[in-house]
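In: coords below, sequence missing:
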């Protein structure tokens with residue numbers, strides 16, 4: 001049994017094996033509709049619980065479809081249905097679910113909820129997102145970059161905007177996959193110092209550059225995310241909008257990156273806030289491949305966790 005809790009807590013060789021497996025599984029589908037079953041059914045007879053304290057489109061659909069393609073079944077549970085930590089403890093919930101299902105994917109608010117679930121579950125637990133990190137997304141993103149441009153090792157990735165949970169997992173990936181990372185955004189929204197230190201300790205260059213146009217010079221990949229996280233209160237939104245407006249990814253900004261630079265966004269996007277429609281729909285954008293690859297990357301993560 002292996003949990004998939006965060007990129008920085010998983011061996012780099014295992015991460016590479018998951019990316020390679022995801023690409024093989026995608027290629028083996030031969031362009032068939034994404035709902036079609038795989039030729040191999042490694043999850044036949046397996047049940048996976050998908051727990052959502054936070055709402056979701058891509059995470060819910062990609063995990064559900066991926067498990068079904070591999071012959072497994074899903075049980076989708078909302079936080080309201082379960083009331084995690086309210087009444088019954090998370091530890092007791094983990095113990096009970098482990099008697100019913102073969103794996104648990106949880107998309108939650110607090111990292112402590114994920115940690116407690118993993119500590120007391122006797123089946124694999126997968127981090128579908130917390131307020132602090134989003135590792136499944138970045139596994140799909142690395143896969144997407146390499147599909148288009150080859151190995152990500154040694155490349156320059158630039159994050160523009162809020163140093164949020166997705167940015168945190170990009171920093172983890174920088175350390176594990178060996179690419180340089182530049183953050184550009186206001187100092188009030190810097191990524192956690194712990195994650196910057198992790199990447200630097202792994203020997204990669206991590207820079208913080210307040211000028212977005214200087215930041216993206218020689219960039220191989222430019223990444224952003226919505227300026228408002230799901231857990232942000234309404235009162236903070238106008239202030240964030242004012243802070244982040246200079247870091248919008250637009251055509252002028254992309255023109256300062258390498259001519260063949262890619263653009264990514266984990267979605268959902270607020271068009272013409274953090275990114276313009278011209279960039280989202282333009283020649284640099286690979287956001288739809290990125291969204292699709294959540295399906296394939298998560299299938300590889302599930303198989304790694306279950307050893308199948």
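Out: Looks like it came in fine. Remember, it's a predicted structure, so these values are computed and weren't measured experimentally.
In: elements contacting the helix ranked longest in the chain?
Out: Using DSSP state H to define each element, the chain has its longest helix at helix 287-306. For helix 287-306, the contact count by 3 or more CB pairs under 8 Å, 6 or more residues apart in numbering; DSSP states H and E identifies helix 12-28, helix 58-69, strand 103-107, strand 125-129, helix 135-149, strand 262-265 as packing neighbours. Every residue, glycine included, has its C-beta placed from N, CA and C.
In: between these, which gets nearest to residue 290?
Out: helix 135-149 (4.6 Å; CB to CB).
In: Tell me the gap between the very next helix or strand once past that closest one and the middle of its chain.
Out: Following helix 135-149 in sequence order, the next helix or strand is strand 156-160 (DSSP states H and E). Relative to the centre of its chain, strand 156-160 is centred 15 Å away, using CA atoms, centre = their mean, to the nearest Å.
In: With stretch 156-171 instead?
Out: Using CA atoms, centre = their mean, the offset of stretch 156-171 from its chain centre is 11 Å.
In: can you redo the helices and strands packed on helix 287-306 as JSON lines with mean pLDDT, distance to residue 219 and mean neighbour count?
Out: Shown next, in JSON lines, are these (pLDDT from 0 to 100; distance: least, CB to CB, whole Å; neighbours: other CB atoms under 10 Å):
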{"stretch": "helix 12-28", "mean pLDDT": "98", "distance to residue 219": "21", "mean neighbour count": "16"}
{"stretch": "helix 58-69", "mean pLDDT": "97", "distance to residue 219": "25", "mean neighbour count": "20"}
{"stretch": "strand 103-107", "mean pLDDT": "98", "distance to residue 219": "30", "mean neighbour count": "26"}
{"stretch": "strand 125-129", "mean pLDDT": "98", "distance to residue 219": "26", "mean neighbour count": "27"}
{"stretch": "helix 135-149", "mean pLDDT": "98", "distance to residue 219": "12", "mean neighbour count": "23"}
{"stretch": "strand 262-265", "mean pLDDT": "99", "distance to residue 219": "9", "mean neighbour count": "26"}
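In: With distance to residue 228 as extra columns, can I get the ones you listed in CSV?
Out: Shown next, in CSV, are these (distance: least, CB to CB, whole Å):
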stretch, distance to residue 228
helix 12-28, 30
helix 58-69, 17
strand 103-107, 17
strand 125-129, 15
helix 135-149, 17
strand 262-265, 14
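In: Compute the number of surrounding residues for residue 109.
Out: The number of residues packed near residue 109 is 17, by other CB atoms under 10 Å.
In: OK, contacts around it?
Out: 53-54, 130-131, 231 (CB atoms under 8 Å, 6 or more residues apart in numbering).
In: So which bits of the least confident helix or strand in the chain by mean pLDDT are buried?
Out: Least confident helix or strand of the chain, by mean pLDDT, DSSP states H and E, is helix 79-82 with a mean of 76. Using 16 or more other CB atoms under 10 Å as the test for burial, helix 79-82 gives 79, 82.
In: pretty sure residue 65 contacts residue 36?
Out: No: contact status for residue 65 versus residue 36: not in contact, 10.1 Å apart, counting by CB atoms under 8 Å.
In: returning to that earlier point: what's the next secondary structure element after the least confident helix or strand of the chain?
Out: Next along from helix 79-82, by DSSP H and E: helix 90-98.
In: Looking at that next one now, give me its mean pLDDT.
Out: The average pLDDT for helix 90-98 rounds to 96.
In: list the helices and strands that helix packs on?
Out: Counting by 3+ CB pairs under 8 Å, 6+ apart, helix 90-98 packs on strand 103-107, helix 111-120.
In: Adding distance to residue 86, write the ones you listed out as TSV.
Out: Output for the helices and strands packed on helix 90-98, formatted as TSV (distance: least, CB to CB, whole Å):
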stretch	distance to residue 86
strand 103-107	15
helix 111-120	11
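In: Nearest to residue 251 among these would be which one?
Out: strand 103-107 (33.6 Å).
In: which residues are contacting the closest one?
Out: 46, 48-54, 56, 59, 63, 94, 97-98, 113-114, 117, 121, 123-129, 302, 305-306.
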